[in-house]
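S.K.: Below are the sequence and a predicted model for it; my questions follow.
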Amino acid sequence: MENFVLSHLEPGNVFRFFEELSRIPRESGHTDAVSAWVEDFARARGLRCRRDELGNVVIWKEASPGYEGHPAVILQGHTDMVCVQAPGTDHDFEKAPLTLVLDGDWLRAEDTTLGGDDGAAVAMMLALLDDDAIPHPPIEAVFTVDEEIGLLGAAGLDCSDLEGRMLINLDSEDEGVLTVGCAGGARCDLTLSLPLRPASGKLCTLELTGLPGGHSGAEIHKNIPNANRVLAQCLQALPDARLVSLYGGEQDNAIPDRAQAIRWVIDQAQDGDIIALIGKGHEEYQEIRGVKHFFSEEQVALDYLAGKKQAL
Ligand SMILES: [Zn+2]
């Protein structure tokens, strides 16, 4: 094929499919093209295939000779990717292909996220399905969509025609490590109707800041104090207090938090004070599951100051 920058890398088929995949825009919620590409792959090889209305694709491959009696194995990965680009660039994630760059031993994309999560799984599954020399049991390869915005494809997948009772999810972090159990996760929206009552007394603001924060997916076992929970415990210890409002947290997968602390410090500053934002370093991102998300302390401070100025 033309102009493959990864053509010399091994295993060749994995990198070839990864590079082909990288040319197809595949932001969560915009996965029609990548689903069609996976479907075409199956058709071209005469493999049984099903695509559902969400865009999930399942491809079946018979066992190789000698493995016919073995139980089927389901392989699963997601086709969508997190789309973040470097500040000041204007990559169109709906239309433009990624530009892959090989930097020594590192593969990256120019100005954008690479989509290795979970493009690596898609490439490996296709390479396996494409190769008739690798011995394998019956394979049911499941390509799900919209994982990054709430596992929507997996949640809506019709599993009734899948025979496998063992599924290998190819969306983990470390090579050579297989995880056999998971605590799972739950996301919920709760609405409480609380009685409003007139109250009198001193009005206080109770702020809890300076906690280290973290990612709930990777660090929940470290017992990092969660500002929301600690604050609730403080309120419980004040039985006579009346609550006016409560606020905490920025994202549902981030243990709160730092932006809130910056805004609080600005509120406390007097004329002539200098505020130093130190401790985290000068990075313009925070890394969540290996993906760098833009986060600038400077921007948080400037945005908050601009809002305050407007309010004056
Ligand atoms: Zn993933």
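M.R.: Noted; the coordinates are in hand.

S.K.: Can you name the residues that contact Arg26?
M.R.: Arg26 sits next to Ala33, Val34, Thr79, Asp80, Met81, Gly115 when contact means CB atoms under 8 Å, 6 or more residues apart in numbering. C-beta coordinates here come from the backbone N, C-alpha and C atoms, glycine included.

S.K.: That should have said Gly69, apologies.
M.R.: Residues counted as contacts of Gly69 (CB under 8 Å, 6+ apart): none.

S.K.: cool, the one 3 residues further on as well?
M.R.: Residues near Ala72 by CB under 8 Å, 6+ apart: Pro137, Pro138, Ile139, Glu140, Leu162, Glu163, Gly164, Arg165.

S.K.: Show the buried residues in those residues.
M.R.: Buried by 16 or more other CB atoms under 10 Å: Pro137, Pro138, Ile139, Glu140, Gly164, out of these.

S.K.: Please convert the residues you listed to JSON lines, extending it with secondary structure, pLDDT and distance to the ion.
M.R.: As requested, the buried ones among the contacts of Ala72 are exported to JSON lines (DSSP: H, G, I helix; E, B strand; the rest coil; pLDDT from 0 to 100; distance: CB to the ion, whole Å):
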{"residue": "Pro137", "secondary structure": "coil", "pLDDT": "97", "distance to the ion": "25"}
{"residue": "Pro138", "secondary structure": "coil", "pLDDT": "98", "distance to the ion": "25"}
{"residue": "Ile139", "secondary structure": "strand", "pLDDT": "98", "distance to the ion": "20"}
{"residue": "Glu140", "secondary structure": "strand", "pLDDT": "98", "distance to the ion": "19"}
{"residue": "Gly164", "secondary structure": "coil", "pLDDT": "97", "distance to the ion": "20"}
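
S.K.: Relative to Glu20, which of those residues is nearest.
M.R.: Proximity of these to Glu20 (CB to CB) peaks at Ile139, which lies at 20.2 Å.

S.K.: returning to that earlier point: filter the contacts of Arg26 down to the buried ones.
M.R.: Listed as buried from the contacts of Arg26 are Val34, Thr79, Asp80, Met81, Gly115; burial here means 16+ other CB under 10 Å.

S.K.: out of the residues you listed, who's near the ion?
M.R.: When contact is defined as CB under 5 Å from the ion, the buried ones among the contacts of Arg26 do not meet the ion at all.

S.K.: Show only the entries of the residues you listed found in helices.
M.R.: Within the buried ones among the contacts of Arg26, residues falling in helices by DSSP state H are Val34.

S.K.: would CSV of the buried ones among the contacts of Arg26 with pLDDT and distance to Ala121 be doable?
M.R.: Formatted as CSV, these follow (pLDDT from 0 to 100; distance: CB to CB, whole Å):
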residue, pLDDT, distance to Ala121
Val34, 98, 13
Thr79, 98, 9
Asp80, 96, 12
Met81, 94, 11
Gly115, 95, 11
